[in-house]
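Enquirer: I need the structure of the sequence given here:
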Amino acid sequence: MALEKLKSQIPEFAKDVRLNLSLFAQDEALTAAQKAGLALACAISSRNQEVQKACNAYASSVLDEAGLSAARAAASIMAMNNIYYRFTHLVSDDSYSRMPAGLRMNVIANPGVPAVDFEIWCLAVSVVNGCGRCVDAHEQTLRKAGVAANVIHTAVRLAAILQSAAIALEAA
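Expert: Numbering: from 1, shown residues only. This next block holds a predicted model:
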């Protein structure tokens, strides 16, 4: 229901975004919990209040408090990591990538939800935030955990759809 309301707010010039939001509900590659956490984490990363409100309502109908907290943690920890690791990847002096990050990341070891779910959310947020190093690391972790390529692909597609919804609403 919350995503349907969001879909109705998308302006006519972004009709494709509305159509793509329909794919979100129809997707069966991800579990309901994986989709809900991904939606919330990506919505937070979009920084759009309407998308956040809709995705929070959607996620709250699927996830318990631990799941909601983990999705919020994925968005916040990746905000920090994506900036740091994007810098180490983009700067021409590779000595930075050999320095210890010195950043607290305890939630990654104990997110309060299945590790694969948290990794999917971290991957999706890293895609939204544009950190190639983090995208690569999370994709490799998921593949080593036995997650199929179509599940990873779907997670990235859903992240892209939510980001496009945020942009469409901002452009209206």
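
Enquirer: all contacts plus neighbour counts: C-alpha atoms, from now on.
Expert: Fine.

Enquirer: residue 31: neighbouring residues, count only.
Expert: Neighbourhood size, residue 31 [other C-alpha atoms under 10 Å]: 11.

Enquirer: mind checking how far it is from residue 52?
Expert: Distance, residue 31 to residue 52, by C-alpha to C-alpha, to the nearest Å: 20 Å.

Enquirer: repeat for residue 123
Expert: 18 Å.

Enquirer: so the two - more neighbours on which side?
Expert: residue 123 (29 against 22).

Enquirer: any stretches of this structure with poor pLDDT?
Expert: For the chain, no stretch is flagged by pLDDT under 70.

Enquirer: now do 80
Expert: For the chain, the stretches with pLDDT under 80 are 24-25.

Enquirer: show me where it has helices.
Expert: Remark: helices assigned in the chain by DSSP state H are 2-9, 15-26, 32-46, 49-60, 65-90, 106-109, 115-129, 132-144, 149-171.

Enquirer: tell me which other helices or strands the longest one touches.
Expert: The one in question is helix 65-90. The contact analysis (3 or more C-alpha pairs under 8 Å, 6 or more residues apart in numbering; DSSP states H and E) places helix 65-90 against helix 32-46, helix 115-129, helix 132-144.

Enquirer: mind putting those helices into a markdown table with distance to residue 2?
Expert: Output for the helices and strands packed on helix 65-90, formatted as a markdown table (distance: least, C-alpha to C-alpha, whole Å):
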| stretch | distance to residue 2 |
| --- | --- |
| helix 32-46 | 11 |
| helix 115-129 | 20 |
| helix 132-144 | 28 |
